[in-house]
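Peer 1: Need coordinates for the following:
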Amino acid sequence: MRGLALILGLLFALPALAAERQIAPGPGSLAQAIAGAAPGDVLMLKDGVYPGPVAIDKPLTITGLEGAVVDGGDQGTVITVAAPDVALRGFTVTGSGGKNEDLDAGVKILKGADRARVEGLTLTGNMHGIDVHGGRDAQVVRNRITGRQDPHMNARGNGIYVWNSPGTLLDGNVIRYGRDGIFSNASASSIYRNNIMRDLRFAVHFMYTRNTEVSGNISIGNHLGFAIMFSDRAKILRNLSLGDREHGLMLNYANNADVTGNLIRGGTKKCLFIYNAHKNLIWDNRFQDCGIGIHFTAGSERNVLTGNAFIANREQVKYVGTRFMEWSHEGRGNFWSDHPAYDLNGDGVADGSYRPNDLIDHILWSQPAAALLTGSPAVQLVRWSQSSFPATLPGGVTDSHPLMRPLTIPVPTDIKAQEAEVAGRWAKGNYDDIDPDDLASH
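Peer 2: Predicted coordinates for the structure are as follows:
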């Protein structure tokens with residue numbers, strides 16, 4: 001009898017099995033289904049339109065195909081997730097309100113709505129696509145987000161906005177149009193990987209974000225690729241910036257970052273812009289076909305640059321300062337495509353050091369009008385004397401161990417095709433309304 005009583009007790013202690021319910025489209029049908037569901041139920045949406053907005057206040061799974069459309073009717077946020085362990089899969093979300101100050105979104109995940117999973121949704125016509133707003137350990141995976149194009153770019157919403165939401169995973173999303181692809185603000189300890197972002201202001205934008213990884217992402221034809229600002233311990237790994245306008249990567253008041261395996265090429269004014277950023281490890285990246293390979297300024301200190309390749313940039317380095325900077329580490333420097341190097345002992349390291357700038361460069365940076373004199377015999381004499389007598393050179397960058405061969409970073413064939421689509425875009429004057437040099441606009 002005791003054994004039977006124990007078995008019956010265990011059976012009654014088990015939670016009820018989750019029910020699967022087919023939901024038909026129509027006014028109020030989704031809200032009524034949510035209200036009548038038990039925690040853990042699965043609501044399966046048939047194709048059709050489900051007018052919103054709706055709020056989810058219990059753990060549920062809502063799933064459907066792309067033809068099932070939850071439409072917010074241009075009022076506020078379309079779907080608000082206010083409970084933990086909610087999953088949204090497969091259907092379409094559209095028609096949020098247009099108030100950026102209210103963070104109107106297709107999907108909003110509130111504080112306390114932990115472990116939400118948003119997977120495979122199609123989000124179109126929303127101010128913000130997905131707003132992870134305080135929920136911990138959210139997973140936003142393989143969604144297609146198309147932002148608005150009607151307001152000016154700075155007045156649009158973000159594809160994915162992450163605010164104070166530690167543990168967020170953003171993986172495999174495709175984001176196009178809007179303001180920023182991913183905007184991470186006051187958050188920490190997250191992973192943003194394998195996302196593709198096009199036709200935006202910034203692909204990835206960090207403000208006050210800590211200990212977060214950005215890896216395997218692709219930025220194509222944006223005003224700026226990866227903007228890491230006022231942030232600490234970022235990992236910027238194996239990303240591609242292709243045909244972005246201003247900077248492929250910007251480190252602005254960013255410290256202790258690990259920047260490795262990234263490719264930045266084509267169309268960009270500056271491949272890498274470092275502004276008041278300290279103690280960053282920048283290694284094994286390829287900076288190619290930019291106006292400036294790296295612009296280094298505002299007292300940035302204790303950064304290590306090694307193993308990088310600087311290929312066919314019009315100006316390899318712009319360093320505005322008088323300190324002497326060594327850009328090699330433990331006998332390993334960087335590859336410079338304009339360095340006529342030789343390697344007699346065959347160890348892969350050039351026998352002569354490399355200096356990208358001289359006194360004339362410093363004069364031109366501070367007095368651009370002096371460019372009229374660059375072809376004069378006096379200027380050529382100064383440059384020859386400095387190359388012949390290095391002790392006369394001003395402070396600046398020296399690579400004492402330049403490499404003989406550049407690293408290569410492959411680009412998938414389908415991504416090359418998208419890169420070709422934006423080639424020459426910025427030469428045609430398609431600048432929209434952004435001024436990336438105005439930090440207040442960030």
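
Peer 1: Count the neighbours of Tyr161 for me.
Peer 2: 24 (other C-beta atoms under 10 Å). Yep, even glycine has a C-beta here, placed from its N, CA and C like the rest.

Peer 1: next one: Glu101
Peer 2: Residues near Glu101, counting by other C-beta under 10 Å, number 5.

Peer 1: Over to Phe287?
Peer 2: Residues lying near Phe287 (other C-beta under 10 Å) number 28.

Peer 1: residues touching it, list them.
Peer 2: Neighbouring residues of Phe287 by C-beta atoms under 8 Å, 6 or more residues apart in numbering: 248, 264-265, 271-272, 293-294, 308-311, 313.

Peer 1: try His205
Peer 2: Shown in contact with His205 (C-beta under 8 Å, 6+ apart): 158, 180, 182-184, 227, 229, 442.

Peer 1: So for stretch 80-97, mean pLDDT?
Peer 2: Mean pLDDT, computed over stretch 80-97, is 98.

Peer 1: Arg21 belongs to a strand?
Peer 2: Yes. The assignment for Arg21 is a strand, going by DSSP: H, G, I helix; E, B strand; the rest coil.

Peer 1: To what extent is it buried, counted in neighbours?
Peer 2: Look at Arg21: counted by other C-beta under 10 Å, it has 13 neighbours.

Peer 1: The one 3 residues further on too?
Peer 2: Neighbour count of Ala24, defined by other C-beta under 10 Å: 12.

Peer 1: Nearest spatial neighbour of it, chain-adjacent residues omitted?
Peer 2: Lys46 (5.6 Å; C-beta to C-beta, 6 or more residues apart in numbering).

Peer 1: Mark which of the contacts of Phe287 are part of helices, please.
Peer 2: Among those, no residue falls in helices (DSSP state H).

Peer 1: Can I get these in TSV including distance to Gly76 and neighbour count?
Peer 2: Converted to TSV, those look like this (distance: C-beta to C-beta, whole Å; neighbours: other C-beta atoms under 10 Å):
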residue	distance to Gly76	neighbour count
Gly248	37	33
Ile264	39	29
Arg265	42	23
Cys271	41	32
Leu272	40	29
Gly293	46	29
Ile294	44	28
Asn308	47	28
Ala309	49	21
Phe310	49	28
Ile311	49	19
Asn313	47	25
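
Peer 1: Please flag which of those residues sit within strands.
Peer 2: Among those, the members falling in strands (DSSP state E) are 248, 264-265, 271-272, 293-294, 309-311.

Peer 1: still on that earlier bit, pLDDT, distance to Ala18 and secondary structure added to the contacts of His205, as CSV?
Peer 2: Shown next, in CSV, are the contacts of His205 (pLDDT from 0 to 100; distance: C-beta to C-beta, whole Å; DSSP: H, G, I helix; E, B strand; the rest coil):
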residue, pLDDT, distance to Ala18, secondary structure
Asn158, 98, 33, coil
Asp180, 98, 37, coil
Ile182, 98, 32, strand
Phe183, 98, 35, strand
Ser184, 98, 33, strand
Ala227, 98, 42, strand
Met229, 98, 43, strand
His442, 48, 45, coil
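
Peer 1: for the record, mean pLDDT for the host helix or strand of Val49?
Peer 2: Per DSSP states H and E: Val49 is located in strand 48-51. Averaged across strand 48-51, pLDDT comes to 98.

Peer 1: Output the contacting helices and strands for it.
Peer 2: strand 68-71 (3 or more C-beta pairs under 8 Å, 6 or more residues apart in numbering; DSSP states H and E).

Peer 1: Buried residues, the strand it packs on. List them.
Peer 2: 68-71 (16 or more other C-beta atoms under 10 Å).

Peer 1: which residues touch the residue nearest to Ala24?
Peer 2: Residues near Lys46 by C-beta under 8 Å, 6+ apart: 22-25, 64, 68.

Peer 1: Verify the contact between Thr61 and Ala83 for me.
Peer 2: No. At 11.9 Å, Thr61 does not count as touching Ala83 under the criterion of C-beta atoms under 8 Å.

Peer 1: Could I get the full set of strands for the stretch 251-400 of the chain?
Peer 2: Taking DSSP state E, counting those that start in this stretch as the test, the strands found in the stretch 251-400 of the chain are 258-260, 263-265, 270-275, 281-283, 286-288, 292-297, 304-306, 309-311, 315-319, 325-326, 335-336, 397-398.

Peer 1: Adding pLDDT and distance to Asn143 as columns, could you present the contacts of Phe287 in JSON lines?
Peer 2: Listed next are the contacts of Phe287 as JSON lines, based on pLDDT from 0 to 100; distance: C-beta to C-beta, whole Å:
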{"residue": "Gly248", "pLDDT": "97", "distance to Asn143": "25"}
{"residue": "Ile264", "pLDDT": "98", "distance to Asn143": "26"}
{"residue": "Arg265", "pLDDT": "96", "distance to Asn143": "28"}
{"residue": "Cys271", "pLDDT": "97", "distance to Asn143": "30"}
{"residue": "Leu272", "pLDDT": "97", "distance to Asn143": "30"}
{"residue": "Gly293", "pLDDT": "95", "distance to Asn143": "35"}
{"residue": "Ile294", "pLDDT": "95", "distance to Asn143": "34"}
{"residue": "Asn308", "pLDDT": "98", "distance to Asn143": "34"}
{"residue": "Ala309", "pLDDT": "97", "distance to Asn143": "34"}
{"residue": "Phe310", "pLDDT": "97", "distance to Asn143": "36"}
{"residue": "Ile311", "pLDDT": "97", "distance to Asn143": "35"}
{"residue": "Asn313", "pLDDT": "95", "distance to Asn143": "36"}
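
Peer 1: from these, which is closest to Ala113?
Peer 2: When these are ranked by distance to Ala113 (C-beta to C-beta), Gly248 comes first, at 35.0 Å.

Peer 1: so how far is Asn334 from that closest one?
Peer 2: Using C-beta to C-beta, to the nearest Å, Gly248 is found at 16 Å from Asn334.
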